[in-house]
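*Asks:* model the structure of this input:
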Amino acid sequence: MSKGIAEAVVGEQFEGFLLIKSADKGVASNGKPFLTIIFRDRSGEIDAKLWEISKEDEEVFLPESIVHVHGDIRQFRGKPQLNIRQIRLTSPTDGVSPEDFMEKAPVPVEELQEYITKKIFEMQNPNIQRLVRYFVRKYEHDLFVYPAATKNHHEYAAGLAHHVVSMLKLADQIKSLYPDINADLLYAGIILHDIGKVKELSSPMSPTYTLEGKLLGHITMMVDEVSSAAEELGIEGEEVLLLQHLILSHHGKAEWGSPKAPQIREAEVLHLIDLMDAKMNMMNRALAKVKPGEFTERIYPLNNRSLYKPTIE
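*Replies:* Numbering: from 1, shown residues only. Purely as a prediction, here's the structure:
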């Protein structure tokens with residue numbers, strides 16, 4: 001079957017290779033255990049059920065495993081679900097690798113790297129520039145591999161860097177309208193605000209939250225890292241405090257995960273463009289799945305709204 005799993009239609013049969021994103025054990029009403037699995041490929045994801053599992057099934061079908069699956073697409077609570085009929089782990093002779101199943105950023109990684117490097121080069125404040133260079137160098141691999149989240153927005157390979165670059169481009173436009181904004185602070189806040197996610201999330205392939213991520217979170221971890229980096233580099237001054245504030249406040253308010261609300265102009269702009277880019281990414285990806293004149297599925301992070309795709313061009 002050539003089409004991806006997210007493109008499969010209710011009533012169709014599916015046979016092909018998929019990556020297990022997550023696998024959670026449950027117990028059915030008859031007392032028998034089953035697995036709720038989320039499969040993924042480059043087209044997207046689908047929920048699935050594997051009924052009456054054995055102890056071996058639990059130990060074999062783990063996140064980040066690649067499997068060959070045969071089943072049929074059913075509808076469950078208004079969404080497609082894969083009912084598994086046959087499943088096996090892949091072998092080397094199948095010629096597949098985890099990277100084959102990762103959705104990728106719509107922009108080449110090389111372009112993302114070049115744009116971030118360009119923005120760092122433009123920074124005039126030497127302390128801010130040194131700190132940003134330090135972290136981009138420290139996390140240069142993970143920054144261009146990790147998603148920006150486990151779900152909802154930019155949840156694909158290099159999604160974190162794609163999110164950062166989109167925000168930098170928004171910041172350029174805003175800076176032209178409001179020239180009093182400190183561009184160095186704003187660009188630095190954008191590049192650094194989510195880098196802590198490479199420690200908050202377990203892996204780029206099928207990310208879950210690490211223990212440190214669950215107990216501390218990417219905001220707290222990154223604030224601490226800025227302090228340590230400044231000490232290591234011998235940097236003192238208000239820049240360090242301001243960068244920490246940008247990171248602390250970028251979610252906007254306490255109920256969204258920020259210990260502090262934005263208290264400098266650049267922090268407010270950072271929060272707004274972070275929110276805008278995340279929402280637009282969710283909207284664009286949902287609308288890409290429907291035809292003009294149709295509504296999307298409900299998008300939980302967008303207040304459970306459905307979006308309409310207009311027929312006009």
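*Asks:* quick check: mean pLDDT across the top strand by length along the chain?
*Replies:* The longest strand of the chain (DSSP state E) is strand 13-27. Mean pLDDT, computed over strand 13-27, is 89.
*Asks:* what's that strand in contact with?
*Replies:* 1, 5, 8, 33-41, 45, 53, 58, 61-73, 82, 90, 94, 96, 98, 100-102, 205-206, 208 (C-beta atoms under 8 Å, 6 or more residues apart in numbering). C-beta: built from backbone N, CA, C; applies to glycine.
*Asks:* ok, stretch 90-107 next?
*Replies:* Stretch 90-107 has contacts (C-beta under 8 Å, 6+ apart) with 17-19, 40-44, 64, 66-68, 112, 154-159, 161-162, 165, 204-205.
*Asks:* just the ones of those in helices?
*Replies:* Filtering the contacts of stretch 90-107 for membership in helices, criterion DSSP state H, returns 112, 159, 161, 162, 165.
*Asks:* which one of the residues you listed is nearest to residue 282?
*Replies:* Using C-beta to C-beta, residue 159 comes nearest to residue 282 of the ones in helices among the contacts of stretch 90-107, at 12.0 Å.
*Asks:* that closest one against residue 149, yeah?
*Replies:* Yes: counting by C-beta atoms under 8 Å, residue 159 touches residue 149, with 7.4 Å between them.
*Asks:* state the mean pLDDT of stretch 87-98.
*Replies:* Regarding stretch 87-98, the rounded mean pLDDT is 86.
*Asks:* which parts of the stretch 51-200 of the chain are helices?
*Replies:* 55-60, 109-122, 126-138, 159-177, 183-192, 197-200 (DSSP state H, counting those that start in this stretch).
*Asks:* of all these, which one is nearest residue 271?
*Replies:* Per C-beta to C-beta, nearest to residue 271 of the helices of the stretch 51-200 of the chain: helix 183-192, 9.5 Å.
*Asks:* so what's residue 308 up against?
*Replies:* 294, 295, 296.
*Asks:* roughly how far does it sit from residue 77?
*Replies:* 22 Å (C-beta to C-beta, to the nearest Å).
*Asks:* so what's residue 238 scoring on pLDDT?
*Replies:* 95.
*Asks:* again with the one 10 residues further on
*Replies:* Turning to residue 248, the model gives it a pLDDT of 96.
*Asks:* quick check: can you list the domain ranges of the protein?
*Replies:* With domains defined by the TED database, the chain comprises 5-100, 109-286.
*Asks:* how far is the last one from where the chain is centred?
*Replies:* Think domain 109-286. Relative to the centre of its chain, domain 109-286 is centred 13 Å away, using C-alpha atoms, centre = their mean, to the nearest Å.
*Asks:* ok, residues contacting the longest helix anywhere in the chain?
*Replies:* Ordering each helix of the chain by length in residues (DSSP H) puts helix 265-287 first. With contact meaning C-beta under 8 Å, 6+ apart, helix 265-287 is reached by 148, 152-154, 163, 166-167, 170-171, 174, 178, 180-182, 185-186, 189-190, 193, 242, 245-246, 249-252, 258, 262, 296-297, 299, 301-302, 307, 309.
*Asks:* 7 Å - rerun?
*Replies:* Here helix 265-287 makes contact (C-beta atoms under 7 Å, 6 or more residues apart in numbering) with 152-154, 163, 166-167, 170-171, 174, 181-182, 185-186, 189-190, 193, 245-246, 249-252, 262, 296-297, 299, 301-302, 307, 309.
*Asks:* what's the answer for stretch 61-74, then?
*Replies:* For stretch 61-74, contacts defined as C-beta under 7 Å, 6+ apart pick out 8-23, 35, 37, 50, 80-90, 96, 98, 101, 203, 205-206.
*Asks:* please indicate which of those residues are buried?
*Replies:* Among these, the ones that count as buried by 16 or more other C-beta atoms under 10 Å are 8, 14, 16-23, 35, 37, 50, 80-82, 84, 87, 90, 96, 101, 203, 205-206.
*Asks:* give the buried residues for the longest helix of the chain.
*Replies:* For helix 265-287, a neighbour-count test (16+ other C-beta under 10 Å) marks 266-271, 273-274, 277-278, 281-283, 285-287 as buried.
*Asks:* of all these, which comes closest to residue 223?
*Replies:* Distance to residue 223, by C-beta to C-beta, is smallest for residue 267 among the buried residues of helix 265-287, at 13.1 Å.
*Asks:* now do the contacts for the nearest residue to the closest one once chain neighbours are set aside.
*Replies:* Leaving aside its chain neighbours, residue 267 sits nearest to residue 249 (4.7 Å; criterion: C-beta to C-beta, 6 or more residues apart in numbering). By C-beta under 7 Å, 6+ apart, the contact list for residue 249 reads 258, 260, 261, 262, 263, 267, 271.
*Asks:* need the buried ones from these selected in PyMOL.
*Replies:* This is the PyMOL syntax for the buried subset of the contacts of residue 249, where burial follows 16+ other C-beta under 10 Å:
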select buried, resi 258+260+262+267+271
